[in-house]
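Undergrad: Provide a 3D model corresponding to the input given below.
(2 chains)
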2 protein chains.
Amino acid sequence: MAKKRNAFYAQSGGVTAVINASACGVIETARQHKDKIGKVYAGRNGIIGALTENLIDTSKESAAAIAALRHTPAGAFGSCRFKLKSLEDNRAQYERLIEVFKAHNIGYFFYNGGGDSADTCLKVSQLSQKLGYPLQAIHVPKTVDNDLPITDCCPGFGSVAKYVAVSTREASLDVASMAKTSTKVFVLEVMGRHAGWIAAAGGLASDKNCELPIVILFPEIPFDRKAFLARVDAMVKKHGYCSIVVSEGVKGDDGKFLSDQGLRDAFGHAQLGGVAPVIANMVKDALGYKFHWAVADYLQRAARHIASKTDVDQAYALGKAAVELALKGENSVMPAILRTSDKPYRWKMGVAPLSKVANVEKMMPRNFISKDGFGITEKCRAYLAPLIRGEDYPPYRDGLPQYVQLKNVAVPKKLNNFEI
Amino acid sequence: MAKKRNAFYAQSGGVTAVINASACGVIETARQHKDKIGKVYAGRNGIIGALTENLIDTSKESAAAIAALRHTPAGAFGSCRFKLKSLEDNRAQYERLIEVFKAHNIGYFFYNGGGDSADTCLKVSQLSQKLGYPLQAIHVPKTVDNDLPITDCCPGFGSVAKYVAVSTREASLDVASMAKTSTKVFVLEVMGRHAGWIAAAGGLASDKNCELPIVILFPEIPFDRKAFLARVDAMVKKHGYCSIVVSEGVKGDDGKFLSDQGLRDAFGHAQLGGVAPVIANMVKDALGYKFHWAVADYLQRAARHIASKTDVDQAYALGKAAVELALKGENSVMPAILRTSDKPYRWKMGVAPLSKVANVEKMMPRNFISKDGFGITEKCRAYLAPLIRGEDYPPYRDGLPQYVQLKNVAVPKKLNNFEI
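TA: This is a model prediction of the structure:
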């Protein structure tokens, strides 16, 4: 085994505005330690790239191109939604990974993803030990859902939160202007299938500098139609208008997603709709208020133009820390953000064993949601506020952000094909 | 009649990210001419404020608050969707306006809106002459629809265009990362009931620095299902994914809005949906591609955080020019942007008679849309590109843009109530 070994880096699951900042942290830090780390190979389309030996040679990219990853959203090497089966069900996949790593002298495995990826990372590490192939597996946290344990927050979340807070503030001012003769209720649908972290960020739009009437619908709180309509009606009667931020994952008493309304078109075909139009139509039918609705979808998680500086800094720092942990000989761990103070906001880099990260979901604590279930508490505000702080604008040319598209040069294959 | 007279300013119709920049231009310029212009009274909720004598005394606002209007989206005094009837049908409304203006010594009428407002402005001017009440009526252009004649572009449009171009670029990079195993088609619905100017801006997302597969659906081009699906399929086969920017106003061969699909919920109730889910479901049914869709709605026109500097500068300049025209004795006119050069982009302030502005809609020229109907031409690009140029970020505190909320102090009423 050569002393100097290569590194593998892959992006997993839904991408974010800052996952490339973590990639930038990994690659730039690895380049500073050429005595120990050879090349950084990236998986083309995530872990699928490793399984199919579709590796990208990041050493072919200029320092400027790698630096530009810091301000470029989405996954520069491609991501994938592909969960490796359990070791028992498909040992062949894990063995194939080790085979590919061996063929390319890969000694460091950096996996950039959420909870599922942490689990994969842990298993890869365990198998490498069983097979006697030395590999240091480090997980780099990432998820807009903000549901990983131990780490104070997850890269990607702060920027979505900022997007949602800013957009809710802007749209609310718009509705306020129109309410006298037109739109009185505005509904914004945001991501969050299980946890309401992103919806909660809508609550930041209103603060003592800018008070706005906002109702939030969390997936953690079973939807109560009567209470909701009463709340909206009271808001409109008091303020003249109301904004509603609704999580895509809101469910009724029956446990079914509210978005799942069995919509049919004129021909009886099932239509997949969002929850925003459902809520908007409900308000219109019950209260008669004119409405507008928006569904932010990918715009929210791709919005690098309004990324949080805190988020970008942490995403980069976590990528850097992952490499530093590897150089210290760590294995089966994840660097984590540890908050040491709310005001002023301070954090330090910590480290979490993957066994405590994999398969654990961090939901919104009940005391982050107001008693009536329609807003956030001061405790929640104190937690969220620092995460959206600071702006980190990308460079522009001719009015458009200059995002880098890498060359993504393939590493020559050495092995036979592998079917996945 | 006192030599020094007051001014009236009102915002009309759908608000924009920069209509307050025009308000700022009007008020700041008026304040520089206190020898001729007394106070600037704003209509609370647009022209309704004038009819009901609900006037706001802008002299109660500090210079800092007025300056902050330049970076604050939406309508600071409230807008309205209220079209005055024709002079024949409701002469009483026009006479009431003159009565209110007379009671408050208003000699200048600045009306900030689109085509309908230009028509109202013209009629008010004509009636003031008939009634022998001297009033200078100046229209300040504004509309995200960009459909006013004579002026090269309309304030509000450049910022929506920048939002749509930036968002389309960001979301496209996101889809590109996910396409291997998940989403292959992304649909973004944008405003534009009659004209495709806003949808066209989606085409700017792709340029020689960043090539992206984008299909645009314009309201000017009757929707051709077969050609559209073939185009999307070819894009996905070639690039692995595709982004679709669809104007809310797209119509089928039958002249009906595509969004009007007669959607019913499980109980048979009619549901108001957008066109994005219709297009997305169509792609899924015919081609089987996984999709995501977004509806930008108010977010796009309220997005002051990503406003175009060109747009902000022009909005302010038009407000300023309106006051200067009034001081020169002009009446029944609208200041207009006249483009003198594409490269480098140069423009000068012109002036248009309202008789040539009222009731004229400027549609996209056919040679701005590519032959196949799914993209923009170089001519269109040359027109659009300068309008999104430059960034003009608002100030932030704790991660949120600091938008001003005015005190909006009422002017004491002098007249009886008026029913509208």
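
Undergrad: so the most centrally placed residue in chain A: helix, strand or coil?
TA: Centrality entry for chain A: nearest residue to the mean C-alpha point is residue A:144, 2.2 Å, by C-alpha atoms, centre = their mean. Per DSSP: H, G, I helix; E, B strand; the rest coil, the local secondary structure of residue A:144 is coil.

Undergrad: so what pLDDT did it get?
TA: Looking at residue A:144, its pLDDT is 97.

Undergrad: just residue A:271 next, same as before
TA: 61.

Undergrad: what's the answer for residue A:129, then?
TA: At residue A:129, pLDDT is 91.

Undergrad: how about the one 10 residues further on?
TA: Here the pLDDT value assigned to residue A:139 is 98.

Undergrad: give me the element it is part of.
TA: strand A:136-141 (DSSP states H and E).

Undergrad: hmm, who's touching that strand?
TA: Contact with strand A:136-141 is made by A:22, A:26, A:107-114, A:117-118, A:121-122, A:124-125, A:128, A:148, A:151, A:154-155, A:318-319, A:322-323, A:325-326, A:329-336, A:354, A:357, as judged by C-beta atoms under 8 Å, 6 or more residues apart in numbering or on different chains. C-betas here are computed from N, CA, C, even on glycine.

Undergrad: quick one, which of those residues are buried?
TA: A:22, A:26, A:107-114, A:117-118, A:121-122, A:124-125, A:128, A:148, A:151, A:154-155, A:318-319, A:322-323, A:325-326, A:330-336, A:354, A:357 (16 or more other C-beta atoms under 10 Å in any protein chain shown).

Undergrad: mind listing the helices for the stretch 201-350 of chain A?
TA: Listed in chain order, the helices of the stretch 201-350 of chain A (DSSP state H, counting those that start in this stretch) span A:225-239, A:275-287, A:298-302, A:309-327.

Undergrad: how about the lowest-mean-pLDDT helix or strand in chain A, does it reach chain B?
TA: Ranked by mean pLDDT, DSSP states H and E, the weakest helix or strand in chain A is helix A:115-130, scoring a mean of 92. No: figure legend: helix A:115-130 not in contact with chain B (C-beta under 8 Å from any C-beta of the partner chain); closest approach 13.1 Å.

Undergrad: packing partners for that helix?
TA: When contacts are defined as 3 or more C-beta pairs under 8 Å, 6 or more residues apart in numbering or on different chains; DSSP states H and E, helix A:115-130 sits against helix A:91-103, strand A:106-113, strand A:136-141.

Undergrad: hmm, try it at 6 Å
TA: helix A:91-103, strand A:136-141 (3 or more C-beta pairs under 6 Å, 6 or more residues apart in numbering or on different chains; DSSP states H and E).

Undergrad: which of those sits most buried?
TA: Highest mean neighbour count among the helices and strands packed on helix A:115-130 (mean count of other C-beta atoms under 10 Å in any protein chain shown): strand A:136-141, with a mean of 28.

Undergrad: taking strand A:106-113 as reference, get the angle to that one.
TA: 20 degrees (axes from the mean of the first three to the mean of the last three C-alpha atoms, to 10 degrees).

Undergrad: contacts for stretch A:49-61 next, please.
TA: When contacts are defined by C-beta atoms under 6 Å, 6 or more residues apart in numbering or on different chains, stretch A:49-61 is touched by residues A:27, A:39-44, A:77, A:96-97, A:100, A:406-409, A:411, A:413, A:415, A:418, A:420.

Undergrad: separate out the buried members of those residues.
TA: Buried positions within the contacts of stretch A:49-61, assessed by neighbour count (16+ other C-beta under 10 Å), are A:27, A:39-44, A:77, A:96-97, A:100, A:406, A:408, A:411.

Undergrad: nearest residue to residue A:128 other than its sequence neighbours?
TA: residue A:135 (3.8 Å; C-beta to C-beta, 6 or more residues apart in numbering or on different chains).

Undergrad: isn't that neighbour right next to residue A:129, touching?
TA: No: counting by C-beta atoms under 6 Å, residue A:135 does not reach residue A:129; the two are 8.2 Å apart.

Undergrad: higher neighbour count, these two?
TA: residue A:135 (21 against 14; other C-beta atoms under 10 Å in any protein chain shown).

Undergrad: okay, that one: pLDDT?
TA: 96.

Undergrad: distance of it relative to residue A:35?
TA: Distance of residue A:135 to residue A:35, given as C-beta to C-beta, to the nearest Å: 19 Å.

Undergrad: now residue A:123
TA: In terms of C-beta to C-beta, residue A:123 sits 30 Å off from residue A:35.

Undergrad: before we move on, what about residue A:84?
TA: 32 Å.

Undergrad: these two: which is more packed in?
TA: Comparing residue A:84 with residue A:35 by other C-beta under 10 Å, the one with more neighbours is residue A:84, at 19 against 9.

Undergrad: got the contact list for that one?
TA: Counted by C-beta under 6 Å, 6+ apart, residue A:84 has contacts A:93, A:120.

Undergrad: three-state assignment of it?
TA: Put simply, residue A:84 is coil when judged by three-state DSSP.

Undergrad: do you know the pLDDT at residue A:358?
TA: In this prediction, residue A:358 has a pLDDT value of 87.

Undergrad: repeat that for the one 5 residues further on.
TA: Here, the pLDDT recorded for residue A:363 equals 90.

Undergrad: swap in residue A:79?
TA: Confidence at residue A:79, expressed as pLDDT, is 97.

Undergrad: grab the nearest non-local neighbour of it.
TA: Closest to residue A:79 by C-beta to C-beta, 6+ apart is residue A:11, at 4.4 Å.

Undergrad: host element of the nearest residue to residue A:343 once chain neighbours are set aside?
TA: Take residue A:343 and drop its neighbours on the chain: the residue closest to it by C-beta to C-beta, 6+ apart is residue A:382, 7.5 Å away. Under the criterion of DSSP H and E, residue A:382 resides in helix A:378-384.

Undergrad: quick one: contacts for residue A:25?
TA: Residue A:25 neighbours (C-beta under 6 Å, 6+ apart): A:316, A:319-320.

Undergrad: just to revisit the earlier point, for the residue nearest to residue A:343, give its distance to chain B.
TA: 12 Å (C-beta to the nearest C-beta, to the nearest Å).

Undergrad: so how far is chain B from the residue nearest to residue A:355 when sequence neighbours are not counted?
TA: Residue nearest to residue A:355 in three dimensions, not counting chain neighbours: residue A:122, with 6.5 Å by C-beta to C-beta, 6+ apart. Going from residue A:122 to chain B by C-beta to the nearest C-beta gives 22 Å.

Undergrad: right, and residue A:122 touches residue A:356 too?
TA: No: using C-beta under 6 Å, residue A:122 makes no contact with residue A:356, being 10.0 Å away.

Undergrad: so how far is the least confident helix or strand of chain A off the chain centroid?
TA: 21 Å (C-alpha atoms, centre = their mean, to the nearest Å).

Undergrad: so what's the residue count around residue A:33?
TA: Neighbour count for residue A:33, taken as other C-beta under 10 Å: 14.

Undergrad: helix or strand: which one has it?
TA: Counting by DSSP H and E, residue A:33 is part of no helix or strand.
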